[in-house]
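here is my input; please provide its structure:
(one chain, ligands or ions: 2)
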Amino acid sequence: MTVTITHEGTIAVVTIDNPPVNALSQALRQELMEVVSTLEADATVSAVVLACAGRTFIAGADVNEFGKPPVPPHLPEVVASIENAKKPWIAAIHGSALGGGLEVALGCAYRVAAASASLGLPEVKLGIVPGAGGTVRLPRLIGVPAAVDMITGGSAIGAGKAKGLGLVDAVVERDLLSAAVAFAQEASQRPRPQPLSERSIPMVDDVFWSHTEKAVAAKARGEVAPLRALACIRMASEADFFTATAFERETFLDLRGSVQAAALRHVFFAERAASRPPELAGVAPRDIHSAAVIGGGTMGAGIVAALRDAGLPVVLVERDPAAVERGLANVGQIFEGSVKRGRITADVAAKRMSGVIGTADYGALADTDLVIEAVFEDLTVKRAVFAQLSKACRADAILATNTSYLDPDEIGEGLAQPERFIGLHFFSPAHVMKLLEIVPTGTTSPDVLATGFALARLLGKIPVRAGICDGFIGNRILKVTRVQAERLLLSGATPTAVDGAMRAFGLPMGPFEAQDLGGLDIAAFQRKAARERGEMPFAPVGDRLVSIGRIGQKSNGGWYDYQLDDRRPRPSHTVAAVIAEAAAGRSQQAWDKTAIADAIILPMVNEATRILEEGIALRAVDVDLVKIHGYGFPRWRGGLLHYASVRGLSEIVAVLDRLASKGLADPACDGLRLAARLGRFATPASSVG
Ligand code: 3HC
Ligand code: NAI
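Ligands and ions are numbered 1, 2, ... in the order given. Below is the predicted model of the structure:
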């Protein structure tokens with residue numbers, strides 16, 4: 001039984017128990033309809049408390065049903081039947097009341113929430129709009145501007161904020177259920193509040209709408225759901241309840257079957273599956289209760305902050321006392337930044353900082369469970385660090401390297417107990433970026449690998465297993481992005497056009513703007529190392545810019561010019577001249593946005609296919625997660641290879657071959673041609689089953 005009814009005097013307590021998150025499956029909707037009728041007919045009941053068992057209140061509609069035709073009873077009917085009941089229903093909210101869950105709560109006469117609860121309408125994150133009256137009832141309760149924020153942004157708010165907005169009637173510190181029953185007893189003595197469907201909506205003027213439409217469109221970057229949700233709220237504010245709910249439902253059903261919604265659902269399930277790869281099922285991770293980071297520079301400090309945010313005590317090891325101070329200051333700055341942005345209080349920041357011990361003495365690591373190395377990207381320096389760790393740490397302590405481009409197998413050579421050595425590749429800033437590439441070496445044991453995934457879960461990161469090659473999954477694809485971007489410059493496109501096209505595709509930034517922000521010197525350094533290895537990296541313009549000191553915003557100019565205290569990129573005559581010189585003798589063509597995006601994205605697909613063929617990534621979805629969480633690839637496109645599948649693999653092969661015939665890309669690789677014939681990517685994981 002998913003729904004049970006118990007009685008506390010005249011109060012009926014309806015408890016939903018539909019693990020894992022009490023999602024509103026068809027069966028649950030049916031049961032709720034029946035329960036409403038039963039309780040309406042029960043003369044001994046004066047009010048109803050709606051509560052949930054398990055970790056959360058109703059977390060929304062059942063996302064698994066979205067790919068299938070909707071089956072009645074539909075959620076709007078369930079919400080309406082609760083709202084129209086003669087007896088007041090009181091939602092007792094713990095965990096999260098999300099999407100359809102919050103819509104059910106809005107059908108209730110009152111909402112009582114645990115202090116730790118959160119409430120939200122995250123539908124836009126799944127490419128849809130609320131489908132059971134959320135856009136129509138919420139603005140009637142909390143006003144249009146607050147409803148616009150919650151619905152178009154999709155982020156949940158805490159119970160305290162919800163109380164301030166009038167979304168919940170009471171916040172409960174302790175026993176939620178008994179407080180909700182007491183609230184219900186009192187409420188049953190009072191006249192019912194007017195149902196939200198009968199309330200008027202506070203007016204807002206046209207200026208509000210035009211301003212908000214612009215702001216939402218700018219933030220959505222090609223994602224359609226936020227603007228469609230805004231249109232629903234606008235309809236709610238301008239038309240009657242029934243017209244607005246019909247409009248909302250129509251929009252919901254339209255988007256539910258859309259390509260963007262399918263892509264976002266793909267990402268939703270991929271993210272949840274990421275930390276439990278099937279090949280590690282049953283492998284117990286090692287316990288991690290303490291951690292250390294070697295090197296307190298950009299990455300080390302960020303990793304320390306991420307570990308502290310997750311509650312682990314951390315030792316930070318640097319080269320000498322002065323470097324220890326600098327490292328600790330770097331960590332301190334990160335926490336101060338979080339305080340400034342309102343993410344944590346000053347007290348919390350102080351507590352996090354007090355859990356970091358800075359030292360230059362490896363002796364402090366004698367009892368540490370996990371050590372992450374983030375020193376200079378230099379094989380000799382890293383090997384020396386691991387030689388010291390070999391001596392200083394317990395034999396079962398996990399030792400990890402955060403190297404970006406070096407071969408972890410070479411770094412770990414000669415290490416005592418090499419089965420405990422692994423690559424953990426964080427992305428900058430490490431306390432913010434969600435991606436963690438987990439790189440097993442030839443000797444890493446399964447339980448150490450499993451610990452990498454468990455660590456990611458603890459840190460709230462998305463783990464992706466990557467094999468060893470130059471750049472692992474993400475940076476290897478990034479190299480192709482950059483090469484293609486330069487090829488475009490040599491054949492008639494400008495940095496402004498390339499960056500604009502990639503933003504139009506949905507990226508937060510184009511490749512040239514991004515390099516100016518991070519600095520051109522890092523990639524130049526890697527190219528130098530590659531040349532020393534006998535490779536021939538292609539970056540004629542980038543190399544020339546670095547040679548004349550244009551390494552990005554930090555040098556006041558890179559691919560663009562910058563003015564003092566103004567980070568807006570301006571086209572540069574110097575760069576145009578360098579491009580013209582490098583392009584001399586090459587054939588030029590006109591590039592529109594779509595052609596530019598194709599010339600960059602499709603070669604990335606080609607490279608990702610090779611990465612799959614070589615087993616560097618085990619699944620196409622892993623590439624999707626890497627691109628979304630490490631490089632800002634638009635989530636609503638589902639990631640690089642989901643996009644490729646939707647776009648059509650045969651078409652991609654044809655475009656690549658056309659580009660290749662002009663020397664503008666590599667031809668499609670065999671794996672991509674095979675995938676085009678099969679209609680899917682053949683991956684090591686899929687052949688394993
Ligand atoms: N439908 C189906 N399954 C769901 C689900 C949903 N709405 N929400 C979560 N799940 C599943 C997950 O896939 C996962 O399954 P798995 O264990 O088999 O992988 C399991 O529940 C646990 O999920 P999490 O790992 O995310 O658990 P957490 O405890 O970390 O988080 C949560 C719980 C905050 C509820 C989080 O799961 C979440 O944010 N869920 C999505 C909620 C959502 O988007 N709701 C809106 C749905 S759309 C809607 O309601 C339309 C309506 O307007 C008509
Ligand atoms: P950084 O130069 O900012 O910091 C390196 C730190 O290591 C310095 O503080 C230095 O004092 C310290 N250090 C050097 N030798 C040491 C030793 N023997 N013992 C203790 N500390 C020592 O470098 P950054 O950018 O933090 O990079 C660190 C590592 O992370 C590199 O391997 C890099 O490739 C990798 N990485 C960098 C990313 C980035 O975006 N910067 C992204 C992902 C990985």
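
what ranges do the strands span in the stretch 251-400 of the chain?
Per DSSP state E, counting those that start in this stretch, the stretch 251-400 of the chain carries strands over the ranges 291-294, 314-317, 356-359, 370-373, 398-401.

mind listing residues that contact stretch 626-634?
221-223, 267, 427, 433-435, 437, 462, 464, 466, 473-474, 477-478, 505-509, 617, 624, 635, 639-640 (Cβ atoms under 8 Å, 6 or more residues apart in numbering). Using the backbone N, CA and C atoms, a C-beta is placed for each residue, glycine as well.

I meant stretch 377-396, not that one.
Residues outside stretch 377-396 that contact it (Cβ under 8 Å, 6+ apart) are 286, 294, 362-363, 365-368, 371, 373, 375-376, 397, 399, 401, 403-406, 410-417, 420-421.

got the CA positions of that stretch in PDB?
Below are the C-alpha coordinates for stretch 377-396, written out as PDB (Å, rounded to 0.1, in the frame of the first residue of the first chain):
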ATOM      1  CA  GLU A 377      52.900  20.100 -13.300                       C
ATOM      2  CA  ASP A 378      56.400  18.700 -13.400                       C
ATOM      3  CA  LEU A 379      57.200  14.900 -13.400                       C
ATOM      4  CA  THR A 380      60.300  15.300 -11.300                       C
ATOM      5  CA  VAL A 381      58.600  17.400  -8.700                       C
ATOM      6  CA  LYS A 382      55.600  15.100  -8.500                       C
ATOM      7  CA  ARG A 383      57.700  12.000  -8.200                       C
ATOM      8  CA  ALA A 384      59.700  13.500  -5.400                       C
ATOM      9  CA  VAL A 385      56.500  14.300  -3.600                       C
ATOM     10  CA  PHE A 386      55.200  10.700  -3.900                       C
ATOM     11  CA  ALA A 387      58.600   9.300  -2.800                       C
ATOM     12  CA  GLN A 388      58.100  11.300   0.400                       C
ATOM     13  CA  LEU A 389      54.400  10.300   0.700                       C
ATOM     14  CA  SER A 390      55.500   6.600   0.300                       C
ATOM     15  CA  LYS A 391      57.600   7.000   3.500                       C
ATOM     16  CA  ALA A 392      55.300   9.300   5.500                       C
ATOM     17  CA  CYS A 393      51.800   7.800   5.000                       C
ATOM     18  CA  ARG A 394      50.100   4.600   6.200                       C
ATOM     19  CA  ALA A 395      50.400   1.700   3.800                       C
ATOM     20  CA  ASP A 396      46.700   1.800   3.100                       C
END
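
buried stuff in it?
For stretch 377-396, the neighbour count (16 or more other Cβ atoms under 10 Å) marks 377, 382-383, 385-386, 389-390, 392-393 as buried.

picking that back up, okay if I get the strands of the stretch 251-400 of the chain as a markdown table plus mean pLDDT?
Supplementary listing: those in a markdown table, determined by pLDDT from 0 to 100:
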| stretch | mean pLDDT |
| --- | --- |
| strand 291-294 | 98 |
| strand 314-317 | 98 |
| strand 356-359 | 98 |
| strand 370-373 | 98 |
| strand 398-401 | 98 |
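
can I get those strands in CSV including mean neighbour count and distance to ligand 1?
Shown next, in CSV, are the strands of the stretch 251-400 of the chain (neighbours: other Cβ atoms under 10 Å; distance: least, Cβ to the nearest ligand atom, whole Å):
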stretch, mean neighbour count, distance to ligand 1
strand 291-294, 28, 22
strand 314-317, 26, 24
strand 356-359, 18, 27
strand 370-373, 26, 23
strand 398-401, 28, 24
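
picking up where we left off before, check the contacts of stretch 377-396 one by one and keep those near ligand 2.
Contacts with ligand 2 within the contacts of stretch 377-396, counted by Cβ under 6 Å from any ligand atom: 294, 375-376, 403-404.

sitting in helices, which of the buried residues of stretch 377-396 do you find?
382-383, 385-386, 389-390, 392 (DSSP state H).

how many other residues sit next to the closest residue to ligand 1 within the stretch 251-400 of the chain?
Taking Cβ to the nearest ligand atom, ligand 1 has its nearest neighbour within the stretch 251-400 of the chain at Arg272, 4.1 Å off. Using other Cβ atoms under 10 Å, Arg272 has 10 neighbouring residues.

thanks again, I'm all set now.
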